[in-house]
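[1] structure, please.
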Amino acid sequence: MIACKPSGKRNVASMKSILIVDDEVDIANSIQYVLKQEGYSILLAHDGLQAMQVIENQHPDLVILDLMMPGIDGYEVCRRVRANDKKTPILMLTARTSEVDTVVGLELGANDYIAKPVRLRELVARVKAHLREMPNEKPANREIKTGELSIDLDSRIVKIKGEPIELTFKEFELLATMARQPNRVFTRDQLFSQVWGSSFLGESRTVDVHIRYLREKLELDPSQPKHILTVRGVGYRFIWD
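    This next block holds a predicted model:
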């Protein structure tokens, strides 16, 4: 059972639109109720195909996406959305909370993972946090480039010698986080918090796995990296040529 006393505060000025995708109608209606109390405009879908139609036609500001649905499941919806849209926050909503399920969802581009039964106060707080992080307007084109490596922060395209390199959503976020501040030493916990979010229940060693993948894709010799260096006992730093 889901229960939460709404705050009673309505911020009509925000009027951000949120799409709730869940085949359990009672859960979707409960989430809709509390988010409406917070002043959000709500869209509903009860399966993956309907969700894709709403996303393509109405472009919600945030998507709350159930994982297990008939037909197209949440994983596939997330994958399709991220093929064209890298920025709209996606919050996975599911009773499946194993580490493998969580990592798969996040690797496909989900921004957060919320377990059922839903704690609505926590859900509202996470929705607000993700919407606060959205930029109000598109910034000017930004590109980090030196030597053979270039990183376009807007198009999310990484190239070596002019050839695009395919990175996962989290690999790009990790690379961009370090490349924005070259030579800075990041601890594993700092990178984990910035890329996966402090609310994600996982281990900072996840960073090590993604660093290894990045080195395999970006470094000429992954065993002797030139760009992504290990600072023993601390974490990592990014070095330009």
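[2] would you mind writing the CA trace of the strand or helix carrying F172 as CSV?
    Assigned by DSSP states H and E, F172 belongs to helix 169-179. Output of helix 169-179 as CSV, limited to C-alpha atoms (Å, rounded to 0.1, in the frame of the first residue of the first chain):
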residue,chain,number,x,y,z
PHE,A,169,25.6,6.8,-21.1
LYS,A,170,27.5,6.3,-17.9
GLU,A,171,30.9,6.0,-19.6
PHE,A,172,30.4,9.4,-21.2
GLU,A,173,29.2,11.0,-17.9
LEU,A,174,32.3,9.7,-16.2
LEU,A,175,34.7,10.9,-18.9
ALA,A,176,33.0,14.3,-19.1
THR,A,177,33.1,14.8,-15.3
MET,A,178,36.9,14.2,-15.3
ALA,A,179,37.6,16.0,-18.6
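[3] now for that helix, which elements pack on it?
    helix 99-107, strand 149-152, helix 188-196, helix 206-218, strand 235-238 (3 or more C-beta pairs under 8 Å, 6 or more residues apart in numbering; DSSP states H and E). Any C-beta I mention is one placed from the backbone N, CA and C, and that applies to glycine too.
[4] what's the average pLDDT for that helix?
    Mean pLDDT, computed over helix 169-179, is 90.
[5] give me the distance from that helix to the chain's centre.
    12 Å (C-alpha atoms, centre = their mean, to the nearest Å).
[6] can you give me the domain boundaries for the protein?
    As given by automatic domain parsing, the domain ranges for the chain are 17-132, 143-238.
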